[in-house]
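# For reference, the sequence and a predicted model appear below.
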Amino acid sequence: WSPRHILLLIGPPLLLFLAVLFRILGSTAEEFFSPGLEMFSLKMGLPERFAGVTLLALGNGAPDVASTVNAILDDRKRGYLMALSELTG
């Protein structure tokens, strides 16, 4: 068995599995995440396009901001080092 044969044998099922995973991700986001995003955009008076851009970015960066603030507040003398290392990876 050459690597090419193995790729031809395993490739199609993996692509099908990947397509199913993307479908599940899309349906989950549509069912659970989009209604909340729409509610926030209506309450804040934002158009849906801007709400998607701003609120999704805020939700994506919120854990980083929270851990940075926690690091600084936990140790006032050396917390900034932990915060910088968390932000830079």
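Now that the structure is in, tell me what you want to look at. Quick caveat, the model's predicted, so the values are computed rather than measured.
# what mean pLDDT does the strand or helix carrying residue 40 have?
For residue 40, the host element (DSSP states H and E) is helix 34-44. Across helix 34-44, pLDDT averages out at 83.
# what's the answer for stretch 5-16, then?
Mean pLDDT, stretch 5-16: 93.
# May I see the buried residues of the helix holding residue 40?
37, 41 (16 or more other CB atoms under 10 Å). No exception for glycine: its C-beta is placed from N, CA and C like everyone else's.
# just stretch 58-72 next, same as before
Residues 68, 71, 72 are the ones in stretch 58-72 that count as buried (16+ other CB under 10 Å).
# elements contacting the helix holding residue 40?
For helix 34-44, the packing partners by 3 or more CB pairs under 8 Å, 6 or more residues apart in numbering; DSSP states H and E come out as helix 48-74.
# Please pull up the helix or strand immediately following the helix it packs on.
With DSSP H and E, the next secondary element past helix 48-74 is helix 79-88.
# now stretch 32-49, how far from the chain's geometric center?
17 Å (CA atoms, centre = their mean, to the nearest Å).
# CA atoms only for it - export them in CSV, please.
Output of stretch 32-49 as CSV, limited to C-alpha atoms (Å, rounded to 0.1, in the frame of the first residue of the first chain):
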residue,chain,number,x,y,z
PHE,A,32,-28.4,29.1,19.5
PHE,A,33,-26.0,32.0,18.7
SER,A,34,-27.9,34.0,16.1
PRO,A,35,-31.1,34.7,18.2
GLY,A,36,-29.0,36.2,21.0
LEU,A,37,-27.0,38.3,18.6
GLU,A,38,-30.1,39.5,16.9
MET,A,39,-31.6,40.4,20.3
PHE,A,40,-28.5,42.4,21.3
SER,A,41,-28.4,44.2,18.0
LEU,A,42,-32.1,45.2,18.3
LYS,A,43,-31.7,46.5,21.9
MET,A,44,-28.5,48.4,20.9
GLY,A,45,-30.1,49.8,17.7
LEU,A,46,-27.3,48.3,15.5
PRO,A,47,-27.9,47.1,12.0
GLU,A,48,-27.5,43.3,11.8
ARG,A,49,-24.3,43.6,9.7
